[in-house]
Every structure is written in structure tokens, then in C-alpha cells.
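Undergrad: Make a model of this:
(one chain, ligands or ions: 2)
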Amino acid sequence: MKTLDIALYPGDGIGIDVTAEAVKALQAVAQEGGFGLKLTELDWGQRYWKRTGKVAPDDYLTVLADHPLVYLGALGDPANVPDHISIRPLIEMRQRFDQYACVRPATLFPGTTTPLANRHPGDIDLVVIRENSEGEYVDAGGLFKAGTPDGVALQTAIHTRKGIERILRFGFETARKRARKRLTLVTKSNALKYSMVYWDQIFETVKAEYPEITCDKCHVDAMTMALVLKPQHYDVLVCSNMFGDIISDLAGAIAGSIGLAPSANLNPERCFPSLFEPVHGSAPDIAGKGLANPLAAIRSAAMLLDFAGEPAAAARIERAVVEQLAAAAVRTPDLGGRATTAEVGDDIARRLRAAR
Ligand code: IPM
Ligand code: MG
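TA: Numbers count the residues shown, from 1 in each chain. Ligands and ions are numbered 1, 2, ... in the order given. The predicted structure follows:
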């Protein structure tokens, strides 16, 4: 029997709560799907820091490299450790494992509401494809005379031809598989005359290979307006790292709740592990209280299955989520309900078992 080898990295705060529910969903589909699960749980994050003064062991990338799939809950608890330290492993995994394609779907499902007026399910069905390995997130910069009135901070963004080309191709391939076959490049070439003009130029070359895709470009500032004013226009949005970070939070919010937004950090060539995580953070203020919505985490587990070659099992999870949302009975407070994290997860697992 095929076994999926998954490193389970719940992390901190509600990451721990929602990972438990994602595991229930995985277990509920494994048997029927005819595959096994080998879950290796890692207690890295604040728990590890309390014992060792580090958020992960020094060789954590080597440990993870043995697992083709990594499932992450969320990282950080700024009351204990500054976020830029807690979150470092996430950024390092993305870069060192060349997880250059970050996929963040945003769909408005029946039974949920968007904060936008006069928008209904069907009006929002898009996916943000975020370049995930370079841009502003590269560790290139420094401080000069920081503690003095003449302090200077440099944070240099890096955009390579290889990096731009491969994420554009990934975006076009994604658009090719979708019904509307539309792609929008999120740019800012009116102001960033080196980096984003370079993106625009490479976009023109790559798009010539995909004549069946309808393309346009939009500056990132205008994009934030357009997503609020006419979200129905958008299908696949390709963004640089920083722009994708911002646009994907907006996309998650207009699709009802960041508590529903899943993500995949893919190394499409499968030379390194790929990483799956909800878009939301660790929300330490509500951790352990049963308040967190586990659906983003559960949907991220579905994305893991899809990438691992189990699209039918992935679709079953996604269907159970859609049905639960439509039924509007069992839901967490962010969606106006009173159910706990575990009640929502148990209801999904029950639906998955009943739907066999
Ligand atoms: C995200 C998060 C991360 C990012 C943080 C936690 C470093 O906001 O995955 O969108 O900026 O990429
Ligand atoms: Mg973000």
C-alpha cells in the first residue's frame, strides 16, 4: 500500500488546535483512498524553545528533508519570542527547499458571507500564485549606524530571471486547468523600474507560449481596489513574494474568512519537500480555547493530498467542507456559529466517513 510520509509540524498557538483537526480529516479519507499515513510529529516552536532556547533544532532542515510532505499549523507567540525568530523556519523552508510556488485559493462558498456588498457565491473564485523564494524575503540587507540618529536599514529585494520565469509558467499552467483561463500579473512597473519592469518583460515572453489564456496586468495598488470592486473579474493572480503576501490576505478576507484560506508551498519538481499550511497565523490570544476555525487547515490537508497524487481523497475533503458550510449548522464563531474547533473537525470527519 502507498504510504504518505508527512512531517507534522503543528507549531504554536492555534496551529496546534487546527492541525489536530486536519489529521482527523486525513485519517478519515486514508482507508477508503487506499493509502496509509506515516505521521512524524515534531514539537518545534515555543514548546521546543522553552526546553532549549531555540525554536527548532539546528539540523531541522536535514530532519525535514527526509519527508516529502510537511504539514505546518502556524508559528509564533510574540509574548515569548520575537516573531522574526519564531517564523524564520517557515521562510527558510520555503527558500532552502525551493518551494517557489505558493498557491492560495480564495473561493466564496454557499452558506458563507463576504464583507463585500452585493457579492454572492460564484462571484469570488480565484487563486493567488505567489512567488515564494525570492523578492523582499531574501536575507539581503543590513543595518548601518542603527542606534544613532544617522541609522540606515537596507532590505534588498532579489528578482531573478529563473525565479520570475518559473512562477509565471506555473501560473499559466494553473490557468490552463481552470475553466475561465484568465491570468492577471500583479505588478508595479510604473514605480519599480528595475524589478517590476523586468517582471513585465518576462511576462510578455512567457505569455506568448500560452495563447489560450486571456491575460492582463494590474498594479498592486489598483489590484487592492479592483479585488474589492470587481472580484468576479479575477481567476489566477500571479504575484511577486511581497505582493502575494498582501494580496492573499485580502483575497482570504473577501472570500469570507481567513479561517477558510488554505495554502500550499510547492517545490513542483519534487526535489525537496513541499509544505502545506493554513494562511492564518498562530493567534496566541485564542489558542487552546476551541475558538479557531479548523477549515483552512483541513483544506490545506486536501491540497497536500492533491499534490501527493490523491486527488480523489482531496476532492472528498473539499466536498465535505463545502457541504458543511452550506448546511450552516456546525461552525466556529468567526463564521457566526458557536461550535468549537474540535466539533467542526469531528463533523467533517463524520461526513467523510458517512460519504464512503
Ligand atoms: C504568510 C505569512 C508569512 C509571510 C509570515 C508569517 C512570515 O504572512 O505566509 O503569508 O509573510 O509569508
Ligand atoms: Mg501573509
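Undergrad: per the record, what domains does this structure have?
TA: As given by automatic domain parsing, the domain ranges for the chain are 1-100+258-356, 114-255.
Undergrad: what's the span of the shortest one, first residue to last?
TA: Counting by CA to CA, to the nearest Å, the length from the leading to the trailing residue of domain 114-255 is 6 Å.
Undergrad: so how far is it off the chain centroid?
TA: Centre-to-centre, domain 114-255 and its host chain are 14 Å apart (CA atoms, centre = their mean, to the nearest Å).
Undergrad: and what of stretch 337-350?
TA: 22 Å.
Undergrad: hang on, the earlier thing: okay, the domains of the chain, which one's buried deepest?
TA: domain 1-100+258-356 (a mean of 19; mean count of other CB atoms under 10 Å). In short, each C-beta sits where N, CA and C put it, glycine included.
Undergrad: roughly how far out does that one sit from the chain middle?
TA: The answer for domain 1-100+258-356 is 10 Å, by CA atoms, centre = their mean.
Undergrad: same deal with stretch 111-118?
TA: 22 Å.
Undergrad: ok, and what's touching that stretch?
TA: 108, 121, 123-124, 228, 231, 253-257, 260, 325-328, 335 (CB atoms under 8 Å, 6 or more residues apart in numbering).
Undergrad: Can you give me the end-to-end span of it?
TA: Using CA to CA, first and last residues of stretch 111-118 are 15 Å apart.
Undergrad: for the record, mean pLDDT for it?
TA: For stretch 111-118, mean pLDDT rounds to 94.
Undergrad: Same check on stretch 213-232?
TA: Stretch 213-232 comes out at a mean pLDDT of 98.
Undergrad: Do you have the strands of this protein handy? List them.
TA: 2-11, 35-41, 69-74, 101-107, 125-131, 141-144, 152-155, 182-187, 214-219, 236-239, 262-266, 274-278 (DSSP state E).
Undergrad: Let me have those strands in TSV, adding distance to ligand 1 as columns.
TA: Putting the strands of the chain into TSV (distance: least, CB to the nearest ligand atom, whole Å) gives the following:
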stretch	distance to ligand 1
strand 2-11	11
strand 35-41	21
strand 69-74	8
strand 101-107	8
strand 125-131	8
strand 141-144	16
strand 152-155	13
strand 182-187	15
strand 214-219	20
strand 236-239	11
strand 262-266	7
strand 274-278	7
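Undergrad: Nearest to Pro284 among the ones you listed would be which one?
TA: strand 69-74 (9.5 Å; CB to CB).
Undergrad: Sheet partners, orientation included, of the closest one?
TA: strand 2-11 (parallel), strand 274-278 (parallel) (DSSP bridges).
Undergrad: Next one, pLDDT for the residue nearest the centre of the chain please.
TA: Taking CA atoms, centre = their mean, the centroid of the chain lies closest to Ser263, which sits 2.4 Å from it. Per-residue confidence (pLDDT) for Ser263: 98.
Undergrad: Tell me the residues of the stretch 201-350 of the chain that contact ligand 1?
TA: Counting by CB under 6 Å from any ligand atom, the residues of the stretch 201-350 of the chain lying close to ligand 1 are Asp245, Val279.
Undergrad: One more: the stretch 51-200 of the chain?
TA: Ile87, Leu90, Ile91.
Undergrad: Pick out whichever of these sits closest to Leu69.
TA: Leu90 (15.6 Å).
Undergrad: And the pLDDT for the nearest residue to that closest one once chain neighbours are set aside?
TA: Among residues not flanking Leu90 along the chain, Leu75 sits closest, at 5.6 Å (CB to CB, 6 or more residues apart in numbering). We have a pLDDT of 98 for Leu75.
Undergrad: start the count at 40, not 1, going forward
TA: That works, and once the first residue is 40, the last one we named lands at Leu114.
Undergrad: Leu114 against Ile124, yeah?
TA: No: with contact defined as CB atoms under 8 Å, Leu114 does not reach Ile124; the gap is 9.9 Å.
Undergrad: can you list residues touching both of those two?
TA: Val94.
Undergrad: In the stretch 140-289 of the chain, what residue comes closest to ligand 1?
TA: Closest residue of the stretch 140-289 of the chain to ligand 1, CB to the nearest ligand atom: Asp284 (4.5 Å).
Undergrad: Show me what the closest residue to that residue other than its chain neighbours is bridged to.
TA: Nearest residue to Asp284, sequence neighbours excluded (CB to CB, 6+ apart): Arg169, at 6.9 Å. Arg169 has these beta-bridge partners by DSSP bridges: Cys141, Cys278.
Undergrad: Arg169 and Ser287: what is the separation?
TA: 6 Å (CB to CB, to the nearest Å).
Undergrad: Now for these two: what residues contact both?
TA: Cys141, Arg143, Cys278.
Undergrad: still on that earlier bit, my guess is the residue nearest to the centre of the chain meets His319, correct?
TA: No: using CB under 8 Å, Ser302 is not in contact with His319; the gap is 9.7 Å.
Undergrad: The closest residue to ligand 1 within the stretch 90-239 of the chain: what's it in contact with?
TA: Closest approach between the stretch 90-239 of the chain and ligand 1, counting by CB to the nearest ligand atom: Ile126, at 4.5 Å. Residues counted as contacts of Ile126 (CB under 8 Å, 6+ apart) are Leu114, Gly115.
Undergrad: Ramachandran coordinates for it?
TA: phi -90, psi -10 (degrees, to the nearest 10).
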